[in-house]
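Enquirer: Sequence plus predicted model, see below.
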Amino acid sequence: EAGVTQFPSHSVIEKGQTVTLRCDPISGHDNLYWYRRVMGKEIKFLLHFVKESKQDESGMPNNRFLAERTGGTYSTLKVQPAELEDSGVYFCASSQGLKTQYFGPGTRLLVL
Amino acid sequence: RKEVEQDPGPFNVPEGATVAFNCTYSNSASQSFFWYRQDCRKEPKLLMSVYSSGNEDGRFTAQLNRASQYISLLIRDSKLSDSATYLCVVNNYGQNFVFGPGTRLSVLP
């Protein structure tokens, strides 16, 4: 069974540009989560989808971040416009029930 | 105060040693507890869930003390392949994971 996949694996953009990250959860997992690890800090929650609905988006840092999960399958996280402090590793995770979460390999974003 | 705190580390131990990691959490409503390991530049991977009665998986033993809001992980007979960062993770059933900062372990030959 395929695990959680994320695309791209790396992205280098300039401040002010737009970047869209994609996450494909494990097939059949209704719960999808986005997390971020900024350099030197712990992994922090961004938001949680249950199917196509946003269950909790309390961790989204500001309105430059927009997450979608059309059709309840894959999800995208768009950052527009990107700022320097957005650099970090963005992880996606999915779960079938409400306990164990399985993480994707992450997207490493560098904003210059 | 951070919601989940861990030993800052790093821990450098020889092969075969026993090492213990500690973790405390501040949210008394937390219901699920996990240890994840993260290798350098990789994603977190579930090592084991932590149950109230304590649980063991081979060389790994996890303990939970709800009264003290304390979680531990014991690794016996350390292997070189155990070198990684160990993340203490808690959540309130169905909600987001809250991660500790991690404790880095280096097992030396």
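Expert: In hand now; what should we look at? Residues are numbered from 1 along each chain as shown, chains lettered A, B, ... in the order given.

Enquirer: what are the phi and psi values for the spatially most central residue of chain A?
Expert: Ranked by distance to the mean C-alpha position of chain A (C-alpha atoms, centre = their mean), the top residue is A:Trp34 at 3.7 Å. The phi/psi pair for A:Trp34 (degrees, to the nearest 10) reads phi -120, psi 140.

Enquirer: try B:Asp82
Expert: Note on B:Asp82: backbone dihedrals following degrees, to the nearest 10 are phi -80, psi -10.

Enquirer: Secondary structure element for the closest residue to it other than its chain neighbours, which one?
Expert: Once flanking residues are discounted, B:Asp82 sits nearest to B:Val107: 5.2 Å by C-beta to C-beta, 6 or more residues apart in numbering or on different chains. For the C-beta atoms, the positions are set from N, CA and C on the backbone; glycine is no exception. Using DSSP states H and E, B:Val107 falls within strand B:103-108.

Enquirer: Same check on B:Gln63?
Expert: Using DSSP H and E, B:Gln63 falls in strand B:60-65.

Enquirer: between the next helix or strand after that strand and strand B:103-108, how many degrees?
Expert: Using DSSP H and E, the helix or strand that follows strand B:60-65 in sequence is strand B:70-75. Counting by axes from the mean of the first three to the mean of the last three C-alpha atoms, to 10 degrees, strand B:70-75 lies at 20 degrees to strand B:103-108.

Enquirer: mind listing the strands in chain A by residue range?
Expert: A:5-7, A:10-13, A:19-24, A:31-37, A:44-50, A:53-56, A:65-68, A:75-79, A:88-95, A:102-103, A:107-111 (DSSP state E).

Enquirer: would you list those in CSV and tack on distance to B:Gln38 and mean pLDDT?
Expert: Output for the strands of chain A, formatted as CSV (distance: least, C-beta to C-beta, whole Å; pLDDT from 0 to 100):
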stretch, distance to B:Gln38, mean pLDDT
strand A:5-7, 15, 97
strand A:10-13, 18, 96
strand A:19-24, 18, 98
strand A:31-37, 9, 95
strand A:44-50, 14, 93
strand A:53-56, 23, 92
strand A:65-68, 23, 97
strand A:75-79, 20, 98
strand A:88-95, 10, 96
strand A:102-103, 9, 94
strand A:107-111, 14, 97
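
Enquirer: now these in CSV, with distance to B:Asn12?
Expert: CSV is the format used below for these (distance: least, C-beta to C-beta, whole Å):
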stretch, distance to B:Asn12
strand A:5-7, 32
strand A:10-13, 30
strand A:19-24, 35
strand A:31-37, 23
strand A:44-50, 28
strand A:53-56, 39
strand A:65-68, 38
strand A:75-79, 37
strand A:88-95, 25
strand A:102-103, 26
strand A:107-111, 27
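
Enquirer: And these: which comes nearest B:Ser30?
Expert: B:Ser30 lies closest to strand A:44-50 among the strands of chain A, at 13.7 Å (C-beta to C-beta).

Enquirer: and the closest one, anywhere near chain B?
Expert: Yes - using C-beta under 8 Å from any C-beta of the partner chain, strand A:44-50 reaches chain B at A:44-45, A:48.

Enquirer: Run through the residues of chain A sitting next to chain B.
Expert: A:33, A:35, A:41-45, A:48, A:56, A:59, A:91, A:93, A:98-106.
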